Every structure is written in structure tokens, then in C-alpha cells.
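Asks: attaching a predicted model along with its sequence, questions to come.
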Amino acid sequence: MGHAIEEIALQRGHEIVLKINDQNLDDLTVPNIRKADVAIEFTNPESAVKNILFCLNENVPVVCGTTGWLDELKNIEQKCKEKNGSFLYASNFSVGVNIFFELNKKLASLLKPHPAYEPSIEEIHHTQKKDAPSGTAITLAEQIIDVSDKKTKWVNTLSKHENELQIISKRIGEVPGTHSVKYSSPIDDIEIIHTARNRKGFAEGAVLAAEFIAGKKGIFSMKDVLNF
């Protein structure tokens, strides 16, 4: 993702002033981070919160696409407000996936009066992805639960409990990501699917988010970036 984001940013005329990975952590210093107009954070659940707080403390707007740390999201948002900072988190930055989110909400609303349709989610990612289910799958599940009269929680396994929405996670090769939401009834199935061909869509969305958040104060989402 870092390479893809850098490529898109340079194509769009931006300057990369700092790149941090596990080989040069000592370069993440106050003078270095202050050179940036925006920080884009794609790391891992173990380091994301520390990185976000570091940027907010130095008044650098943060765009974060790391998943698996959301139990700390409210604390991060509170810190952003205290610092009068700028923060944008998305479980997925792809424009196509964010349109997919809107379709998912609409489909869930349309099927709410029809309890014979049983929803389920499947997500497929590359074998290096550490968290399961993916943040995108969790977003899809929470959107369905928000409007459902039956589903009260999601589980990352097969389930026959009426109140549980099952998410099946698969890790295969180097695939960028596929998400499907399926409603099955005794007479038919309805399914919506998003398949990423490469990481370019995620990177492009992250750069769009960085362009949007630069110079702004507050807490934002991709809905703001895409004007949904």
C-alpha cells in the first residue's frame, strides 16, 4: 500500500517528505513529521494508535486505513477534538467499495420487511493480511445489523443462531480483496459483490482523502470525501 500511495501521490503532483517503515522508525521525529501537511497511516493494529496520536500531538492531519484497532477509535476521536486536530479513518478507501457500502445499506433496508432472506458475508484477502474479518467486512456487517430486526451481532464463523450475522474470512495467495453480501431464501438468492483488481483503488482513495483533509479541522469519513 505504501508504494501504491506514493506512486499515486507523485502522479497527482504531491511531494513525499517522509516515509516510515519498520526499517527506519528512528526517522519518525517531531521535526520530520512537522514537514508534512498530511500523514497517511497504513501500518498494523499494534502501531496505528501510537502513530495517530503522535501526528495529532504535532497538529498534523491524519488519514488512517489501518484496521484491527477500532476499540480505541473513540479515544482517538476524543484526542482529535481536544487538540482541535483533523482525522479521517476508513475501513476501505476505494471509491468502488464506498459505493458498495451505500448499495449494502440500501439492500439491507429493502429486505428488512422480508425475514425469509438470510444475510451472510464472505471476504477474501491475501495471506499477509493479519486481521480477520477485514475492516470492510465489519463495516458491511454493522450496516446490516443497524437496520435488521433479527441480527444483533456478527461472528467470524458459520452460525445457525438467528441473531448472529456470519462473516466467513478466507486468506488466499496475493488477491487484493473480494467482499460479497448474500441474502438467501428458500426460493432464491440475492448477492452483491465487490472485487478489487489491484491496490490502486485503495491508494487513490487514500490520496483523495489526504487532499480533502489538508487544511481542515474535525473528524471526517469517506462519505465526506465523496460527498455522499
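Replies: Great, that's in hand. Numbers count the residues shown, from 1 in each chain.
Asks: so where do the helices sit in the chain?
Replies: 2-11, 30-33, 48-57, 73-82, 95-111, 135-147, 200-213, 222-226 (DSSP state H).
Asks: list the contacts for the spatially most central residue of the chain?
Replies: Centroid-nearest residue in the chain: Ser91, 0.9 Å away (criterion: Cα atoms, centre = their mean). With contact taken as Cβ atoms under 8 Å, 6 or more residues apart in numbering, Ser91 is in contact with Gly65, Thr67, Ser134, Gly135, Thr136, Ile138, Thr139. All C-beta atoms are positioned from the backbone trio N, CA, C, and that covers glycine.
Asks: so where's the chain shaky on pLDDT?
Replies: Applying pLDDT under 70 to the chain picks out no residues at all.
Asks: what's the end-to-end length of stretch 189-205?
Replies: By Cα to Cα, to the nearest Å, the extent of stretch 189-205 from end to end equals 31 Å.
Asks: as a quick check, tell me the outermost residue of this structure.
Replies: Ile187 (33.9 Å).
Asks: what's the closest non-adjacent residue to it?
Replies: Ala116 (7.9 Å; Cβ to Cβ, 6 or more residues apart in numbering).
Asks: and if you look at Glu72?
Replies: Val49 is the one closest to Glu72 (Cβ to Cβ, 6+ apart), at 5.0 Å.
Asks: isn't the one you found up against Trp69?
Replies: Yes - with contact defined as Cβ atoms under 8 Å, Val49 reaches Trp69; the gap is 5.6 Å.
Asks: that older thread, out of the contacts of Ser91, who's nearest Glu191?
Replies: Thr136 (16.2 Å; Cβ to Cβ).
Asks: that closest one: neighbour count?
Replies: By other Cβ atoms under 10 Å, the residues close to Thr136 number 25.
Asks: quick one: it and Glu123 touch, right?
Replies: Yes - using Cβ under 8 Å, Thr136 is in contact with Glu123, at 6.8 Å.
Asks: shared neighbours of the two, anything?
Replies: Gly177, His179.
Asks: the helices of the chain into JSON lines, with extra columns for distance to Thr178?
Replies: Converted to JSON lines, the helices of the chain look like this (distance: least, Cβ to Cβ, whole Å):
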{"stretch": "helix 2-11", "distance to Thr178": "18"}
{"stretch": "helix 30-33", "distance to Thr178": "35"}
{"stretch": "helix 48-57", "distance to Thr178": "24"}
{"stretch": "helix 73-82", "distance to Thr178": "25"}
{"stretch": "helix 95-111", "distance to Thr178": "11"}
{"stretch": "helix 135-147", "distance to Thr178": "10"}
{"stretch": "helix 200-213", "distance to Thr178": "13"}
{"stretch": "helix 222-226", "distance to Thr178": "19"}
